[in-house]
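In: Okay, here's the prediction I keep looking at, along with the sequence it came from:
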Amino acid sequence: VISDRDMNAIRNTALIKSPVDAKVYLIKDGQKAWIPDEETFLGAGLSWNDIVVIRQEQVNFYPEIDFHQKDAQEIAVVRPLQATTSQKVEAYKNSLVRPVEFASMRILGTLRPESTYTEAYAINNVGQVVGMSLVTGKNASHPFLWENGVLKDIGTLRGGDLGGGMALDINDPGTIVGFSAVSASSDNTYLFYYDATGIHSLAMGGGGPIRLNSRGDISLIKTVNDATIQGAVIRDGKRTLYNEEVAGVTPEGIVVKEIAKTPSTYDIVLSSGNINTPIVFDPSAPNHRVQGVNDKGNIIGYAETPGTAVHGFLYTNGAFVDLGEGVKPIALNNIQDVLVEKVLTFPSGGRAMGPALWRNGEFFPLLDLLPPGTPWADITATDINDLGQIVGFGSTSELEGKQGFIMTLPEVVRAKVISPEPLSDEQEDI
């Protein structure tokens, strides 16, 4: 059944029917004409393969006129055009700003039937999700890959149910990175990558965030002798170590570093070869931290002065976008949508920190996008892909513990199917 979105891509003419009625109609100039029998259908040179099935409500939408065989013979019937991923991304980027429908939430489940705890950390543009799920009775979490409704345990470096770990990022080709225990000590963890051949150790102790770009480059913060912190980039199999913390690397090889001035204050530097370029959002703030880097080289982060609220920013095309005081960015996609934590005001008058989507200068608190009476009591958002799908974890009134989720934004925010080529003046009526 073709959706309302896909109906937007039907051009001036199409053959339609509903799944509950045998009647086939020809759409012409925004009106439908019933083709009375098979002989008339074939005599008009029409093809059964061109018929698309739509909902009865959609069929009812079109005013009905009489069918004339010459009309069918004079026109070219086309099927609705299905948008590619890149077209859907562009449509989402240009869709309406203010949502008028509600978001939906899909619970990812757990790795064990008796478990009540799952957290989702990242989602790619294919819709694959990674995170961790508690293995009840083993006092450990295992990294997972969720796809097509199935939660898969990708295992740990130690093997079996021994040790714990979590998957922290995934790119579109499906490579996963995270960390895993390698001994009985929960403190003895190594960073890993996972691909079609299984889980592999990076032989580096985990100490902080680990990120993966679309090219497959890995940026990470590692520990040395359980104390010293170093940054590292793994690119084309070559490991480059830095004395600074590494917050990300772009597909072009630009490394985003955080350089410590004191144990609690940092500067942000973009490093390309031997050229280091500082980026400073607020010269009066002693501390600047990076929260995310996308494949376009955009950076989210915050500036902080002791005793004051953090001040969020988006860095794009060599300039800063002020996200506001009290706003802490969490994640961004490649079309500059930013997930943030900010102070929200509730209908009761109460105020608290909560997740929101920043888009083109406007904030959308995520809980406000859910329908009235939602069982979700609180949510933590962790990532957003280029189609506007959001993942995270939270608690509901219907289930125990924490549940990983995928949030699908309201239709008018998420995407509208667009035609891959411009329509002619005669085709723009529908």
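Out: Arrived safely, thanks for sending.

In: ok now do the nearest residue to Ile234 once chain neighbours are set aside, which residues does it touch?
Out: Nearest residue to Ile234, sequence neighbours excluded (CB to CB, 6 or more residues apart in numbering): Ile218, at 4.3 Å. For glycine as for every other residue, the C-beta is placed from the backbone atoms N, C-alpha and C. By CB atoms under 8 Å, 6 or more residues apart in numbering, the contact list for Ile218 reads 177, 193, 202, 210-212, 233-235.

In: lowest-pLDDT helix or strand in this structure?
Out: Lowest mean confidence among the helices and strands of the chain (mean pLDDT, DSSP states H and E): helix 4-7, at a mean of 46.

In: The following helix or strand past it - contacts with which helices or strands?
Out: The C-terminal neighbour of helix 4-7 among helices and strands, as given by DSSP states H and E, is strand 13-17. Applying 3 or more CB pairs under 8 Å, 6 or more residues apart in numbering; DSSP states H and E, one finds that strand 13-17 contacts strand 24-28, strand 51-53, helix 56-61.

In: partner strands of strand 13-17, parallel or antiparallel?
Out: The strands beside strand 13-17 in its sheet (DSSP bridges) come out as strand 24-28 (antiparallel), strand 51-53 (parallel).

In: and of these, who's closest to His142?
Out: strand 51-53 (42.0 Å; CB to CB).

In: Could you check the closest one and say which residues are buried?
Out: By neighbour count with 16 or more other CB atoms under 10 Å, strand 51-53 contains the buried residues 51-52.

In: Where does confidence bottom out across the contacts of Ile218?
Out: Here the lowest pLDDT out of those sits on Leu202, with 83.

In: ok, the closest residue to that one other than its chain neighbours - contacts?
Out: Closest residue to Leu202 apart from its sequence neighbours, by CB to CB, 6+ apart: Leu191 at 4.3 Å. Going by CB under 8 Å, 6+ apart, Leu191 touches 177-179, 201-202, 204-206, 210, 220, 222.

In: Any chance of a markdown table for these, columns neighbour count, secondary structure and distance to Gln58?
Out: Converted to a markdown table, the contacts of Leu191 look like this (neighbours: other CB atoms under 10 Å; DSSP: H, G, I helix; E, B strand; the rest coil; distance: CB to CB, whole Å):
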| residue | neighbour count | secondary structure | distance to Gln58 |
| --- | --- | --- | --- |
| Val177 | 25 | strand | 44 |
| Gly178 | 28 | strand | 44 |
| Phe179 | 26 | strand | 49 |
| Ser201 | 13 | strand | 54 |
| Leu202 | 20 | strand | 52 |
| Met204 | 23 | strand | 55 |
| Gly205 | 19 | strand | 57 |
| Gly206 | 24 | strand | 52 |
| Ile210 | 25 | strand | 47 |
| Leu220 | 28 | strand | 50 |
| Lys222 | 23 | strand | 56 |
